[in-house]
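Peer 1: pasting the sequence and the predicted coordinates here, then a few questions.
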Amino acid sequence: MIKLEIEEFIFEVQDEILSYEELGKEYADKWEQDFLKWLNNDKIKKKNIKIEKGNTYYLIDDESEIFDIADEYYYAVGDNKIDEYWKKFQ
């Protein structure tokens, strides 16, 4: 299990989103905004979030999860299903 600080997790996912020319900075920034809304929504149970000594971390099994998150977002944008993406996000 890899424990990434939230800022690092956001950076890694955004960096991967930026690799898709069709998405670019606009969608990378939108992903970050929507992720922060998701993170701050207390009604959502978050199995991959760990708070430790005042720091918030996102837990992943391996680096391929970063690619999967970006890939799923890419397909959600293409299929116009961004809302569904965030409903299923973990």
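Peer 2: Arrived safely. Residues are numbered from 1 along each chain as shown.
Peer 1: who are the neighbours in contact with the closest residue to residue 55 other than its chain neighbours?
Peer 2: Nearest in space to residue 55, with sequence neighbours left out and distances taken as Cβ to Cβ, 6 or more residues apart in numbering, is residue 5 at 6.3 Å. Backbone N, C-alpha and C define where each C-beta goes, glycine included. Shown in contact with residue 5 (Cβ atoms under 8 Å, 6 or more residues apart in numbering): 55-57.
Peer 1: centroid-wise, who is the farthest residue in this structure?
Peer 2: residue 53 (22.2 Å; Cα atoms, centre = their mean).
Peer 1: for that one, give me the pLDDT.
Peer 2: Listed pLDDT for residue 53 reads 89.
Peer 1: if I look at it, how far off is residue 5?
Peer 2: From residue 53 over to residue 5 the distance is 12 Å, taken as Cβ to Cβ, to the nearest Å.
Peer 1: same check, this time on residue 79
Peer 2: From residue 79 to residue 5 the distance is 31 Å (Cβ to Cβ).
Peer 1: thinking again about what came up before, who wins on neighbours among the contacts of residue 5?
Peer 2: residue 57 (17 neighbours; other Cβ atoms under 10 Å).
Peer 1: so it sits against residue 4, correct?
Peer 2: Yes. Under the criterion of Cβ atoms under 8 Å, residue 57 makes contact with residue 4 at 6.2 Å.
Peer 1: C-alpha coordinates for the longest strand seen in the chain, CSV please?
Peer 2: The strand that spans the most residues within the chain, counting by DSSP state E, is strand 55-60. C-alpha atoms of strand 55-60 as CSV (Å, rounded to 0.1, in the frame of the first residue of the first chain):
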residue,chain,number,x,y,z
ASN,A,55,-2.2,15.1,7.4
THR,A,56,-4.6,13.6,4.8
TYR,A,57,-3.4,10.8,2.6
TYR,A,58,-4.8,8.9,-0.4
LEU,A,59,-4.0,5.2,-0.3
ILE,A,60,-3.2,3.2,-3.5
